[in-house]
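*Asks:* Fold the following for me, if possible:
(chains A and B)
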There are 2 protein chains.
Amino acid sequence: MKQFQADEWKVIEDGLHLKENRLAESMMSLGNGHMGMRGNFEEDFSGDSLQGTYVAGVYYPDKTRVGWWKNGYPEYFAKVLNATNFIGIQVEINGQNLDLAKANVKDFKRELNMKHGYLLRSFTVTDEQNRQTQIEVIRFLSIDDKEIAVISYRVTPLNYVGEIKFTPYLDGDVRNEDANYDEKFWLEVSKAVTPFSGVLTLKTKKLDFLVTTAMKVAIDGDVIGQVEVYEKEKYVSNTITVKANANKPVTLFKYVAVTTNRDYQNEELEKIANLRVEVAYNQGFNSLFQAQQQAWESRWKESDIVIEGDIAAQQGIRFNIFQLYQTYDGEDPRLNIGPKGFTGEKYGGSTYWDTEAYCLPFYLSTSDPSIARNLLIYRYNHLEKAKENAAKLGLKGALYPMVTMNGEECHNEWEITFEEIHRNGAIAHAIYNYVNYTGDQSYLSEYGFEVLAEISRFWADRVNYQPQKDVYMILGVTGPNEYENNVNNNWYTNRIASWTLEYTLEVMDYLKANYPSRLKDLIEKLALQDQEIEKWKEIIAKMYYPVEENLGIFLQQDGYLDKVQLFVKDLPKEELPLNQHWSWDRILRSCFIKQADVLQGLYFLNDQYTLEQKKNNFDFYEPRTVHESSLSPCVHSILAAEIGYEDKAYELYLRTARLDLDNYNNDTDDGLHITSMAGSWLSIVHGFAGMRVRSGMITFKPFIPKAWEAYSFKILFRGHLLKVSVNKDEVIITQEQGQSFEVKVYDQMVTILENNSVKITTQA
Amino acid sequence: MKQFQADEWKVIEDGLHLKENRLAESMMSLGNGHMGMRGNFEEDFSGDSLQGTYVAGVYYPDKTRVGWWKNGYPEYFAKVLNATNFIGIQVEINGQNLDLAKANVKDFKRELNMKHGYLLRSFTVTDEQNRQTQIEVIRFLSIDDKEIAVISYRVTPLNYVGEIKFTPYLDGDVRNEDANYDEKFWLEVSKAVTPFSGVLTLKTKKLDFLVTTAMKVAIDGDVIGQVEVYEKEKYVSNTITVKANANKPVTLFKYVAVTTNRDYQNEELEKIANLRVEVAYNQGFNSLFQAQQQAWESRWKESDIVIEGDIAAQQGIRFNIFQLYQTYDGEDPRLNIGPKGFTGEKYGGSTYWDTEAYCLPFYLSTSDPSIARNLLIYRYNHLEKAKENAAKLGLKGALYPMVTMNGEECHNEWEITFEEIHRNGAIAHAIYNYVNYTGDQSYLSEYGFEVLAEISRFWADRVNYQPQKDVYMILGVTGPNEYENNVNNNWYTNRIASWTLEYTLEVMDYLKANYPSRLKDLIEKLALQDQEIEKWKEIIAKMYYPVEENLGIFLQQDGYLDKVQLFVKDLPKEELPLNQHWSWDRILRSCFIKQADVLQGLYFLNDQYTLEQKKNNFDFYEPRTVHESSLSPCVHSILAAEIGYEDKAYELYLRTARLDLDNYNNDTDDGLHITSMAGSWLSIVHGFAGMRVRSGMITFKPFIPKAWEAYSFKILFRGHLLKVSVNKDEVIITQEQGQSFEVKVYDQMVTILENNSVKITTQA
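*Replies:* Below is the predicted model of the structure:
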């Protein structure tokens, strides 16, 4: 039986799975953009667990660990930082400490409620005297007031009269499991504890991030005696003893506020945290809980995808949307979307090219344009650091980092850090994507052109001219397919580099025509020379692209066809995933592909290639692709949909949407694959529904997977809120907000009036 | 002024160079094959120092440290292990602890005497009361009795009467500077201390190596009071106070014995060490010192190279020969030649392909054939481990490790560990080299064929067939030039792989003709199938070799000519060495070559290529080669000599011979480049003198560098001891041992009679 039950709106773990607890902890993570935590238990737990509480933007520059230093490696790796555990409540029932790894537990249920944004846990424990106690815990992180977390911990003696002792605490003596040298990263600044409240301020050993955590505790029950207060280094607690009568629940409410010096002055942190927690305490659990439910309901109104007839698919897509919004809601332009969000430590850094390639289109269509714009400005603000990064490699212009928290590169694998430079192209393409979708061309003159010009400069310096062949080449790169390292002329990299130059020139022409004096200023600021522009044009004209004409395909890189050509279907099942079974050199010299590479280019530059080209390349590459990156299936699903391979598109969608729910890659115990979750949304909207935006026009070419009865989603597009519903018979597009305008469905123009719908017959 | 003075027989440091102390410590290292140490001071020293004492074959499996784990990496890295410091003598002069980093020091001299195998140090210190003390220290490691070390520490008050306090000690509380997780590797087993003696036994935390160090102390001087004994964890000492009169030297003699459980039972170690040190003590310093001098003199008789007219070159070659013999004398077939010998911790492991490629020819010509045979048997004994290593990569046959102590791979860089597989070819070629030089074909049936067959099996599985081109290829390798990683069809690798198959088949034919029943047994033991042999033949016939026909060169790898083609001479001086100034990707995509790659093949398979081929390839590759491996200049020097580029040959010889003396690569502070030292010898004998052995015939084609007046060397060849002397006018070959036989000089056959010489006019 699966660990998690299918449900439209919930992720349900029925029964305690001690061995798979880390996996459940990942699945049951909560977040609200400001902070988050894994689905750890409040009470003590001696079983296997990855304890994790994370505060957005608070990180630690852990000293780099490598076997063999290479010139150019960064000195530190920015770690997602495990912060003060504020959910902790020790529970003693009749003198016995509650620990689910040791207790006799029945009817255990852990349930992530996605509709209303909270975590529910309930179970019954029975002691050696057959005394039964029922427990129900509700926890949520407010999305209205992001500094607030609330827990309701209810204990009901079922068949006895006894004593329950609660010890709610704040514990800052935590560590990162992935610390490179097993160090702890926090120092205590101050603490205070009084009955029913406590506060703890910690500082990171480097960079001086301060985080204050304040708690206030309320009890619904008969308190016996005094509340005991206790403190030790980086720790404060209360101990409260309550008389418990049979079938009379007693409940402890723990209100927490978390403030950081990213938002306030150091000396104000404690005051503000105390104030915030006081407000929450006064508001009370029920009121806060209701507000939370309403807030999530209205969020779903704009971004839900409904699937009828396929509960697993429905659960999958909602889980993905829910986790994306838990991680990032775009309100703070200093933040970005970490690959594990608030669900684990792994990978570190907060920003990968995943943001531009996968997440941006999701936020473009489901949120106010300012959110996507914030994601672009984040990179604009890192431009100087990206220039420093290029200079480190001896190159001009800007090279954006592979992994970063603050704009500085922090990754340290030469084949990735120094060579996976195609990431620069995704950052340029995101600007195109944003402007193309929103029509907000002002972004180009305000921010976009500078970024494009510096990236173009990088490409122009990174290519090399090959005189015998009279072409420009790009040697020594790693493409999106990281199962090839240090290759020459990766088609995707060459193409996205040349495309960047093309687009930069196009933007320049646009600025010349529309903002000539601003362009003049920008050219001066950038010290852009005419001969640079000429060089860009020459590179565009003479860029070398490896191809295989007989097969009508673009070649992933020089020499790819010298490999033994095999298909994934012919591999023994027990050797998959390859990255857990084959030595690295074997993977590298095989033809097997980790994730979309040539096909990533056909997805990004979708309108530049014919359907036949897409088909030829898909037919060649997909059977060689093991999809061992969470970013892989969605791109393939979208292209398969476009080509008309509906079953393939659906199969790959399921791999994307239920990657974590079904633990496909057997690594979800470390945390969820947050950034790839946007891929599930893309698979439905860009894939099944075939949504594209060209020249300001939005178009759809929907099909419906056989297993589904209907699906629908909402789209924000240039002031219009559209609901697109697809069933076996018809496509219905409803304009819920916005004025009459034209859209294209199956190459047919249709006008949708204000507050009105159009229906089109679904094409096979 | 240079830190080290040129001298025919010594390395002299005049004056104290506190900032460059590590460099001097490396230069002044002592070793005797069984143990060794850096040129550390006996007395306390608070300045910068890399303290290092090493015992051959005693290593530590330190937990592997990597940034990003790759499948197939070994769990540990075998570290050269810093062992009990047994040279330590604290010295207190008139109540003041002697520390050269703090004292007022004059006339400091540190002198490595290569002729007689000892280290001398002398200096004068003056205290604040103007009391002057002269100190002279002699230290050596006996090459007659390899477990014995001896120190004479002589203190002479020059202008006062006072007290000298000596505290000779054994200190096992040492660490490796390069420990991956800053751990200490030793545990105490036992210790004992009495006046004038002490003993300490330590055990490694893993693998249970035991090392016992015993000391006995003698004093030439008036001891005051009692000898104090002291012990703490992993430490024992004596403190002896001596009355010191003006101009009357007092001398402390410290005798040390070092025994290990590699040679004896655990329970005997202490007894034997005490016995050994007792014997040495009774023999006394002068007698041991004299024996040491005689032993080194007779070693030089067989292996010296004399250069007249160039003192720097003379010092260089003797330094290299001296350090090679200090590191390895071939008496223990369990040992091998570590890249840093006993001079530092860096790199770890004891065995690299350096042994086969560079050191073996040196020992072949300067030692009894059994020494070279021991080096081959060392690999034979590791055959099973090499098969396991191939299996880890999913391959058949044997892949010898890149770095090892016990046959297991311990390196952990994928591009090296998994891909620098050409090392397997060097191990096969060493068998050819040994048999070709010595004529000992019995080695093939006894050991050689098994190794060759398993290496051939590896190559046959590692190649892949490319059907369009009807060729076999080798993809994803790193050649000898480590400034290229993960390339396809490295010419050298393809060639040495195919050559291995050719030679294996040749040996098989030989065995068939001469040892048919042994061959039958071997085929059975190896389960060698006919179709395997057929496959080998097909691979030989269809191996693909990249070439550039217009230039008449073999191409280093596919795509090499797509790189921007530049010369080293055009690089800005301040960017050299590249590995200290360029980021790794920049090095990789440049055309610059770290060390001989195609040219390594032309050196190994020297008689298979024409002079024109050698010239074309040398002319193309050498100007692109930065020689940033210590193994590079010698191969180039030898080929330059063969082609007739005499000045180039000489220039490259100097880089090899004085690499450490002149600290060319700015890294000798970590330790000496031991294995490359054989290259200096090769440059003279194979290079300048043009020595080759073909079909049992030894040939010479000598030239003499312009700067030299004459040079001479000795060669052991199949029972003949030859002295070859070359001056501007004539080449004189003297047979010092052996019967009349024919040699070839400048393509001319000459017969050398027993105890006789021949003279031939030197050709320009």
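*Asks:* Leaving out chain neighbours, which residue sits closest to the residue of the stretch 201-350 of chain A found nearest chain B?
*Replies:* Residue nearest to chain B within the stretch 201-350 of chain A: A:Y347 (10.4 Å; CB to the nearest CB). In this view, the C-beta of every residue, glycine as well, is placed from N, C-alpha and C. Leaving aside its chain neighbours, A:Y347 sits nearest to A:P339 (4.9 Å; criterion: CB to CB, 6 or more residues apart in numbering or on different chains).
*Asks:* just checking, that neighbour is part of a helix?
*Replies:* No: assigned with DSSP: H, G, I helix; E, B strand; the rest coil, A:P339 falls outside any helix and is coil.
*Asks:* I figured it hits A:W353, correct?
*Replies:* No: with contact defined as CB atoms under 8 Å, A:P339 does not count as touching A:W353 (10.7 Å).
*Asks:* Among these two, which residue is more densely surrounded?
*Replies:* Between A:P339 and A:W353, counted using other CB atoms under 10 Å in any protein chain shown, the more crowded position is A:P339 (26 against 23).
*Asks:* For the more buried one, give me the pLDDT.
*Replies:* Looking at A:P339, its pLDDT is 90.
*Asks:* residues contacting it?
*Replies:* Contact analysis of A:P339 by CB atoms under 8 Å, 6 or more residues apart in numbering or on different chains lists A:346-347, A:349, A:352, A:354, A:673-675.
*Asks:* Quick check: phi and psi on A:E754?
*Replies:* Main-chain torsions, A:E754, degrees, to the nearest 10: phi -50, psi 130.
*Asks:* Just the local confidence number for it, please.
*Replies:* 94.
*Asks:* where's A:K346, which helix or strand?
*Replies:* Per DSSP states H and E, A:K346 falls between elements, in no helix or strand.
*Asks:* Correction: the previous question concerned A:G601.
*Replies:* Element membership of A:G601, judged by DSSP H and E, is helix A:598-604.
*Asks:* what about the helices in the stretch 351-500 of chain A?
*Replies:* Secondary structure of the stretch 351-500 of chain A by DSSP state H, counting those that start in this stretch: the helices cover A:354, A:360-366, A:369-381, A:383-392, A:414-417, A:423-438, A:442-443, A:449-462, A:491-514.
*Asks:* Among the ones you listed, single out whichever gets nearest to B:K146.
*Replies:* Set against B:K146 and scored by CB to CB, these come closest in helix A:414-417, at 42.7 Å.
*Asks:* What is the burial count for A:G72?
*Replies:* A:G72 has 20 neighbours, counted by other CB under 10 Å.
*Asks:* Skipping adjacent residues, who's closest to it in space?
*Replies:* In this structure, A:G72 finds its nearest non-sequential neighbour in B:S583, 3.2 Å apart by CB to CB, 6+ apart.
*Asks:* Can you get me a residue count around A:P157?
*Replies:* A:P157: 23 neighbours (other CB under 10 Å).
*Asks:* The stretch 301-450 of chain A against chain B: which residues are in contact?
*Replies:* A:392-394, A:412-414, A:418-419 (CB under 8 Å from any CB of the partner chain).
*Asks:* quick one: which of these is nearest chain B?
*Replies:* Nearest to chain B among these, with distances taken as CB to the nearest CB, is A:F418, at 3.6 Å.
*Asks:* Excluding covalently adjacent residues, which one is nearest to that closest one?
*Replies:* Looking at A:F418 with CB to CB, 6+ apart, the closest residue is B:D585, at 3.6 Å.
*Asks:* so who does the one you found touch?
*Replies:* By CB under 8 Å, 6+ apart, B:D585 lies in contact with A:72, A:393, A:414, A:418-419, A:476.
*Asks:* at 10 Å what do you get?
*Replies:* B:D585 sits next to A:70-72, A:393-395, A:414-415, A:417-419, A:421, A:462, A:475-478, A:486 when contact means CB atoms under 10 Å, 6 or more residues apart in numbering or on different chains.
*Asks:* cool, A:L393 as well?
*Replies:* Each residue near A:L393 by CB under 10 Å, 6+ apart is listed here: A:71-72, A:399, A:409, A:417-419, A:421, A:458, A:461-462, B:582-586.
*Asks:* Give me the pLDDT for it.
*Replies:* Looking at A:L393, its pLDDT reads 95.
*Asks:* end-to-end on stretch A:168-186?
*Replies:* One end of stretch A:168-186 sits 21 Å from the other (CA to CA, to the nearest Å).
*Asks:* list the buried ones in it?
*Replies:* Within stretch A:168-186, the residues that count as buried by 16 or more other CB atoms under 10 Å in any protein chain shown are A:168-172, A:174, A:176, A:178-180, A:185-186.
*Asks:* What about these, which are in helices?
*Replies:* The helices, defined by DSSP state H, take in nothing from the buried residues of stretch A:168-186.
*Asks:* Out of those, which is nearest to A:V635?
*Replies:* Using CB to CB, the buried residues of stretch A:168-186 come closest to A:V635 at A:D178, 28.7 Å.
*Asks:* OK, contacts around the closest one?
*Replies:* Applying CB under 10 Å, 6+ apart to A:D178 gives the contacts A:50, A:62, A:65, A:77, A:79-80, A:82, A:344-348, A:670.
*Asks:* and these, which two are the farthest apart?
*Replies:* The two members of the contacts of A:D178 with the most space between them (CB to CB) are A:L50 and A:R65, at 19.6 Å.
*Asks:* More neighbours: these two, which one.
*Replies:* Neighbours per residue (other CB under 10 Å) separate A:L50 from A:R65, with A:L50 holding more: 20 against 17.
*Asks:* mind checking how far the residue lying closest to that one once chain neighbours are set aside is from chain B?
*Replies:* Excluding the flanking residues, the one nearest A:L50 by CB to CB, 6+ apart is A:R22, at 5.2 Å. Distance from A:R22 to chain B, counting by CB to the nearest CB, to the nearest Å: 19 Å.
*Asks:* Neighbours of A:R22, how many?
*Replies:* For A:R22, using other CB under 10 Å, the count is 21.
*Asks:* Surely it is in a strand?
*Replies:* No: using three-state DSSP, the assignment for A:R22 is helix, not a strand.
*Asks:* from what I can see it touches A:D670, true?
*Replies:* Yes: using CB atoms under 10 Å, A:R22 is in contact with A:D670, at 7.6 Å.
*Asks:* Quick check: neighbours shared by the two?
*Replies:* A:50, A:344.
*Asks:* on that earlier part again, output the helices of the stretch 351-500 of chain A as TSV; include the columns mean neighbour count.
*Replies:* Shown next, in TSV, are those (neighbours: other CB atoms under 10 Å in any protein chain shown):
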stretch	mean neighbour count
helix A:354	24
helix A:360-366	24
helix A:369-381	20
helix A:383-392	18
helix A:414-417	24
helix A:423-438	23
helix A:442-443	16
helix A:449-462	24
helix A:491-514	21
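*Asks:* Same list, those, but as TSV with distance to A:E482 please.
*Replies:* Output for the helices of the stretch 351-500 of chain A, formatted as TSV (distance: least, CB to CB, whole Å):
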stretch	distance to A:E482
helix A:354	13
helix A:360-366	21
helix A:369-381	22
helix A:383-392	20
helix A:414-417	7
helix A:423-438	12
helix A:442-443	31
helix A:449-462	19
helix A:491-514	12
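*Asks:* Can you check which of these gets nearest to B:L511?
*Replies:* B:L511 sits nearest to helix A:414-417 of all these, at 44.3 Å, using CB to CB.
*Asks:* Which neighbouring elements make contact with the closest one?
*Replies:* helix B:414-417, helix B:584-589 (3 or more CB pairs under 10 Å, 6 or more residues apart in numbering or on different chains; DSSP states H and E).
*Asks:* Relative to chain B, how far out is A:N486?
*Replies:* Going from A:N486 to chain B by CB to the nearest CB gives 5 Å.
*Asks:* Same check on A:T478?
*Replies:* 10 Å.
*Asks:* Ok, A:H581 next?
*Replies:* Using CB to the nearest CB, A:H581 is found at 7 Å from chain B.
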